[in-house]
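Sharing a model that was predicted from the sequence below.
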Amino acid sequence: MSTGFFEGLSKVTYQGAQSTEPLVYRHYNPEEVVLGKRMADHLRFAVAWWHSFAWEGGDPFGGATFQRPWHPQDDMGRAKMKADVAFEMFDLLGVPYYCWHDADLRPEQGSFAANLSTLDEITDYLGEKMQGRDIGLLWGTANMFSDRRWMSGASTNPDPDVFAYAAATVKGCLDATHKLGGQNYVLWGGREGYETLLNTDMGQELDHMGRFLNMVVDYKHKIGFEGTILVEPKPQEPSKHQYDFDAATCIGFLRKYGLEGEVKLNLEQGHAILAGHSFEHEIAVAAADGMLGSIDMNRNDYQSGWDTDQFPNNVPEVALAYYHILKAGGLGTGGTNFDAKLRRQSLDPVDLIAGHVGAMDVCARGLKAAAAMIEDGGLEDALTDRYAGWSSEAAQAMLGSDLEAIQARVLAEGIEPAPRSGRQEILENYVNRFV
Ligand code: XLS
Ligand code: NI
Ligand code: NI
């Protein structure tokens, strides 16, 4: 029986680019084959439980604006109603995946044991709802940042009891993710960082975080979880400085603690912007090290400088992101998660549908543009041309020699490099033909 929350709204269908209807897909055609693969299998869209269903519309200056029938979220009956509405939305949108934090799903019961058992109960309920539907869990994760117990960090907390609580929590969340056939498990360390170095032993905190992540990987193997473990870089907010600052910092961290080959990255567009990077920069950094795992496709407001988690709506930006994803061989077990929330004035159920429809269409259009650039090969040809000198025997031999030999060759051959244009404007104009 339907909850009636989305009354009057019907299943969103693909109608083609010429359609002027507001709630249809104009570009997202799940069955359309792009570069030999269904569009749905490239993009692997996921809805985020927290922003779409748990967030009540508060901001630092004011409380809830959304008054959903399942608010306040303090009992199991309402947690199940929230799940019923979530699955109704998944059906309307035709999305293949969803993601959650433990705290988004279950009511807060005040003790570890009670929270563990309600998490088990609600994830059983989700499992029943997944039966007979074409929907999977992209990833599960633990919210180890909202409750006051996490205020000084989870695995990096100076109090070993909090480390223990974090380990116990992640075990429960990994078990639940495994039970639901999750494709990945994410760790985002919002409080794994510091407010002031005056009270922080950074070296010790990093060692604890490295040890913690190794325990997560060991447990994943022990229970036979085949999904990918992902960490999600973000430079700051809520912590002033977060240890998972950006892709490059995370890769260094993972190597230091022997986790390369075990852990990949969940990259978020908005976090890239906060770190002073473009999204494609973060994707290219991860891809260069074989650590591209999944993406959170939500943009930030460029003027406000904080994590506004907006639905993506800029095709040229999204196209460059998918270009680098396609170049890297795709998202693997990962997907495109909309870690995005409505604006707090967008009160109506139709707004929730419209946010996702627009975002899915922007991504589909970006993917098609990226695929067209790959097929055309213009950017790849330009790269081949720019680095052509390196295919000569002398250049390759130089990489195996040393400074003395190289200096001797420069003198003997009278080498004086001739600067060449980088052709940036020509390449930017090229990209604009596709977006
Ligand atoms: C917050 C993060 C968070 C993670 C999951 O900024 O993006 O939503 O994706 O904990
Ligand atoms: Ni975020
Ligand atoms: Ni995120």
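It's in. Ligands and ions are numbered 1, 2, ... in the order given.

Report the mean confidence score over stretch 122-131.
For stretch 122-131, mean pLDDT is 98.

distance between that stretch and the chain's centre?
23 Å (CA atoms, centre = their mean, to the nearest Å).

Put the alpha carbons of it into PDB.
Coordinates of each C-alpha in stretch 122-131 appear next as PDB, following Å, rounded to 0.1, in the frame of the first residue of the first chain:
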ATOM      1  CA  ILE A 122      15.500  -1.700   9.900                       C
ATOM      2  CA  THR A 123      18.100  -3.200   7.500                       C
ATOM      3  CA  ASP A 124      16.100  -6.500   7.500                       C
ATOM      4  CA  TYR A 125      13.100  -4.300   6.600                       C
ATOM      5  CA  LEU A 126      15.100  -2.700   3.800                       C
ATOM      6  CA  GLY A 127      16.200  -6.200   2.600                       C
ATOM      7  CA  GLU A 128      12.500  -7.200   2.300                       C
ATOM      8  CA  LYS A 129      11.700  -4.100   0.300                       C
ATOM      9  CA  MET A 130      14.600  -4.800  -2.000                       C
ATOM     10  CA  GLN A 131      13.200  -8.200  -2.800                       C
END
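
partner residues bridging the residue nearest to E31 when sequence neighbours are not counted?
Among residues not flanking E31 along the chain, R38 sits closest, at 5.9 Å (CB to CB, 6 or more residues apart in numbering). For the C-beta atoms, the positions are set from N, CA and C on the backbone; glycine is no exception. Beta bridges link R38 to V33, judged by DSSP bridges.

wait, doesn't R38 sit right on P30?
Yes. Between R38 and P30 there is a contact under CB atoms under 8 Å: 6.4 Å.

Counting neighbours, go ahead and name the busier of these two.
Set R38 next to P30 and count neighbours by other CB atoms under 10 Å: P30 wins out with 18 against 13.

Help me confirm that that one is found in a strand?
No. Secondary structure of P30 (DSSP: H, G, I helix; E, B strand; the rest coil): coil, not part of a strand.

Please tell me how far it sits from ligand 1.
24 Å (CB to the nearest ligand atom, to the nearest Å).

Which residue, neighbours along the chain excluded, lies closest to that residue?
Nearest non-adjacent residue to P30 (CB to CB, 6+ apart): A40, at 3.7 Å.

ok, and what's touching the one helix or strand the one you found maps to?
Remark: A40 resides in helix 39-43, with elements defined by DSSP states H and E. Contact partners of helix 39-43, identified using CB atoms under 8 Å, 6 or more residues apart in numbering, comprise 28-35, 96, 322, 326, 330-331, 335-336, 360, 363-364, 367.

again, but for stretch 270-282
Under CB under 8 Å, 6+ apart, the answer for stretch 270-282 is 232-237, 245-247, 265, 267, 269, 296, 298-300, 302, 305-310, 317, 320-321, 323-324, 339.

Cross these against helices and list the overlap.
A247, Q269, E317, L320, A321, Y323, H324 (DSSP state H).

wait, which of these is closest to P60?
Nearest to P60 among those: Q269, at 22.2 Å, using CB to CB.

The closest one contacts N298, correct?
Yes. Counting by CB under 8 Å, Q269 touches N298, with 6.1 Å between them.

any common contacting residues for the two?
P312.

So for these two, which residue has more residues nearby?
Q269 (27 against 23).

quick one: pLDDT of that one?
pLDDT, Q269: 97.

which residues touch it?
Contacts of Q269 (CB under 8 Å, 6+ apart): F279, I295, D296, M297, N298, R299, N300, P312, E317, A321.

gap between the nearest residue to W390 once chain neighbours are set aside and G389?
Once flanking residues are discounted, W390 sits nearest to Q396: 7.2 Å by CB to CB, 6+ apart. Computed as CB to CB, to the nearest Å, the Q396 to G389 distance reads 10 Å.

Out of the ones in helices among the contacts of stretch 270-282, which comes closest to ligand 1?
Q269 (10.1 Å; CB to the nearest ligand atom).

Can you tell me how far that closest one is from D307?
The value you get for Q269 to D307, if CB to CB is used, is 11 Å.

what residues are shared contacts of the two?
N300.

neighbours of the residue of the stretch 151-300 of the chain found nearest ligand 1, just the number please.
Across the stretch 151-300 of the chain, the shortest distance to ligand 1 (CB to the nearest ligand atom) belongs to W188, at 3.6 Å. Neighbourhood size, W188 [other CB under 10 Å]: 23.

same thing with D41?
Using other CB under 10 Å, the number of residues around D41 comes to 14.

ditto for Y98
Neighbours of Y98 (other CB under 10 Å): 27.

Near ligand 3, which residues of the stretch 301-435 of the chain? Just list them.
Residues of the stretch 301-435 of the chain that fall close to ligand 3, judged by CB under 5 Å from the ion: D339.

how close does P96 sit to R38?
Counting by CB to CB - P96 and R38 are separated by 10 Å.

contacting residues for the residue of the stretch 151-300 of the chain closest to ligand 1?
When contacts are counted by CB under 8 Å, 6+ apart, W188 touches T141, F145, V231, E232, K234, D244, N266.

let's go with 10 Å and repeat that
101, 141-145, 230-234, 242, 244, 266, 268, 271, 296, 339 (CB atoms under 10 Å, 6 or more residues apart in numbering).

go on, G422?
Neighbouring residues of G422 by CB under 10 Å, 6+ apart: A382, R386.

Quick check, pLDDT for it.
In this model, G422 carries a pLDDT of 97.

Repeat that for the one 3 residues further on.
The per-residue pLDDT reported for E425 equals 98.

what does the one helix or strand it maps to rub up against?
Per DSSP H and E: E425 is located in helix 424-434. Helix 424-434 has contacts (CB under 10 Å, 6+ apart) with 315-316, 319-320, 323, 366, 368-373, 376, 378-379, 382-383, 386, 423.
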